[in-house]
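In: Here is a sequence together with a model predicted from it:
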Amino acid sequence: MPPLFEVSRPLFRSLAQSQRLFHRAAKSAPSSSAPPYLSSPRPSVSSGSSVSPLLPSRQYHHQHQHHHQLLFHPRQEPNARRVTARPRGANAGAGAGQRRHKAKTVEEARSRYRTGPFSWKAGVLFVTAAVGLTWYFESEKERMHRRRVAEATKGAGRPKVGGPFELRDQEGRPFSSEALKGRYALVYFGFTHCPDICPDELDKMARMVTLVEEQRPGSITPVFITCDPARDDPATLKAYLAEFDERLVGLTGTYDEVRDVCKAYRVYFSTPRDIKPGQDYLVDHSIYFYLMDPEGDFVEALGRQHSPDQAANAILDHMKDWKGGWRQ
């Protein structure tokens, strides 16, 4: 086996030849393009210096390293590519189509992490949804209450309030309860000689009908039934009701007919039967407006505690809940 020196001799020979070729090329090149470590002068060596003249100085090594950093820095190479780390794990594929929000300033990042998932848009959406749900449930609650009231007033076989009747109107023509079907009816019981209550209630009734007709024309019929048939004939009713509203329908009849109607509507009736001409007597009656639906069933009693606006709104609400037919 040859010695190590004999084996490595060709290697050293090639290295020495490469070094000679490198120095020749450096000497033949212009001085402006020469590397800094070839163009810079060698440090002078004094007698007292400890630097060996055969070894390069620290400045030589520093310039040599700086030159190679400029030559081989990755940012100076035109073909250098930036490698971006990809996410690993189960979410590697999911993150490809999503872009994360990158804060521009530190304050923006801090405010984002401070607020968390909530923002002013989420707050507005939450408040709007809460208000909408509250309004919906309140309206449904009122609608179900009106429905329970309307259903509770209907008896099995015949209504608890109201019923069929046969009377005469202020023109002297026959008028039955069938003429009220197809529309809502607002029925009030009183008499023409009433000093104060009946005029006030009839004014209120005319106002209620006007408010309802403004939104639903031709949907309600106001009816005035006398509790004093002995003095309230058709002509008297016509003259009396004309002072309040021409849309009012006045009804009268015999003593028994009027008494039966008052009994059907659960109205207090205290008029004496046999009245002599010129005799004074008292008439007492209930003070309610009876709302009847287009099928002739009782819906609700509106009393003196209801203002005209409140009563009109209640009537309109019942009309909105009505699912049956209407008379043209």
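Out: In hand now; what should we look at? Numbers count the residues shown, from 1 in each chain.
In: now the helices: where do they sit in the stretch 201-328 of the chain?
Out: 234-241, 255-264, 308-321 (DSSP state H, counting those that start in this stretch).
In: of all these, which lies closest to residue 186?
Out: helix 308-321 (7.4 Å; CB to CB). C-beta here means a position set from N, CA and C on the backbone, and glycine is covered the same way.
In: pLDDT averaged over that closest one, what's the number?
Out: For helix 308-321, mean pLDDT rounds to 92.
In: From the contact counts, what lies against it?
Out: helix 120-152, strand 184-190, helix 197-215, strand 289-292, strand 298-302 (3 or more CB pairs under 8 Å, 6 or more residues apart in numbering; DSSP states H and E).
In: Would you mind listing the buried residues in the third one?
Out: By that I understand helix 197-215. 198, 201, 202, 204, 205, 206, 207, 208, 209, 211, 212 (16 or more other CB atoms under 10 Å).
In: Any chance of the helices and strands packed on helix 308-321 in CSV with distance to residue 326 and mean pLDDT as columns?
Out: Listed next are these as CSV, based on distance: least, CB to CB, whole Å; pLDDT from 0 to 100:
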stretch, distance to residue 326, mean pLDDT
helix 120-152, 17, 72
strand 184-190, 9, 95
helix 197-215, 14, 94
strand 289-292, 14, 94
strand 298-302, 15, 90
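In: could you redo the ones you listed as CSV and give each row distance to residue 323?
Out: Formatted as CSV, those follow (distance: least, CB to CB, whole Å):
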stretch, distance to residue 323
helix 120-152, 11
strand 184-190, 14
helix 197-215, 18
strand 289-292, 16
strand 298-302, 13
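In: Quick one: closest of those to residue 260.
Out: Of all these, strand 184-190 comes closest under CB to CB, at 12.8 Å.
In: quick one: contacts of the closest one?
Out: 162, 197-198, 201-202, 205, 208-209, 219-227, 262, 265, 267, 285-286, 288-294, 296, 299, 315, 318-319 (CB atoms under 8 Å, 6 or more residues apart in numbering).
In: filter those to the buried ones?
Out: If we count by 16+ other CB under 10 Å, the contacts of strand 184-190 have these buried: 162, 198, 201-202, 205, 208-209, 219-227, 262, 265, 267, 285-286, 288-294, 296, 299, 315, 318-319.
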